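>>> Here's a sequence, model it:
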Amino acid sequence: MNWKRASLDPPDELLASALQLGRKYHFDEPHAERVARFASELFDRTRRLHRLEDGDRLLLEVAAWLHDIGQYVSYASHHKHSYYLIRSSHLVGLDNAGRKWWPMWRDTTASPRRG
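So this is what the prediction gives:
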């Protein structure tokens, strides 16, 4: 991919930022690209069934690119490390409010509210 900042629109900026973050943590780029391509293909095939939008596809693609960056910390529980690294990083084009798209990576150590 060619990431020229001057010509990027907001979705491309977010993807470029995700790629930069993945490289920072020495991710397996070919693997991440395959996962992102496969996830996007599945999304496209089921989009109408699930009533999904373009923004949902973009967030899925970013998640697919970054799903394994936690291996930089440790392979054991790398999904939790990925969550922490992503939540702690600045992704251009995604503000804190936009990070609500990580609900499946919620804090699994917190106990559910009772009441």
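>>> what distance separates the top helix by length along the chain from the centre of its chain?
For the chain, the longest helix by residue count, based on DSSP state H, is helix 29-50. Mean-position distance between helix 29-50 and its chain equals 12 Å (CA atoms, centre = their mean, to the nearest Å).
>>> now the next helix or strand after it and helix 29-50, what's the angle there?
Downstream of helix 29-50, the first helix or strand assigned by DSSP states H and E is helix 54-66. Here helix 54-66 runs at an angle of 150 degrees relative to helix 29-50 (axes from the mean of the first three to the mean of the last three CA atoms, to 10 degrees).
>>> Can you dump the C-alpha atoms of the following helix or strand past helix 54-66 in PDB for me?
Following helix 54-66 in sequence order, the next helix or strand is helix 78-88 (DSSP H and E). The C-alpha trace of helix 78-88 is given here as PDB (Å, rounded to 0.1, in the frame of the first residue of the first chain):
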ATOM      1  CA  HIS A  78      -1.700 -11.500  23.400                       C
ATOM      2  CA  HIS A  79      -5.400 -10.600  22.700                       C
ATOM      3  CA  LYS A  80      -5.400  -8.700  26.000                       C
ATOM      4  CA  HIS A  81      -2.100  -7.000  25.200                       C
ATOM      5  CA  SER A  82      -3.500  -6.000  21.800                       C
ATOM      6  CA  TYR A  83      -6.500  -4.500  23.500                       C
ATOM      7  CA  TYR A  84      -4.300  -2.400  25.800                       C
ATOM      8  CA  LEU A  85      -1.900  -1.300  23.100                       C
ATOM      9  CA  ILE A  86      -4.700  -0.200  20.800                       C
ATOM     10  CA  ARG A  87      -6.600   1.600  23.600                       C
ATOM     11  CA  SER A  88      -3.400   3.300  24.700                       C
END
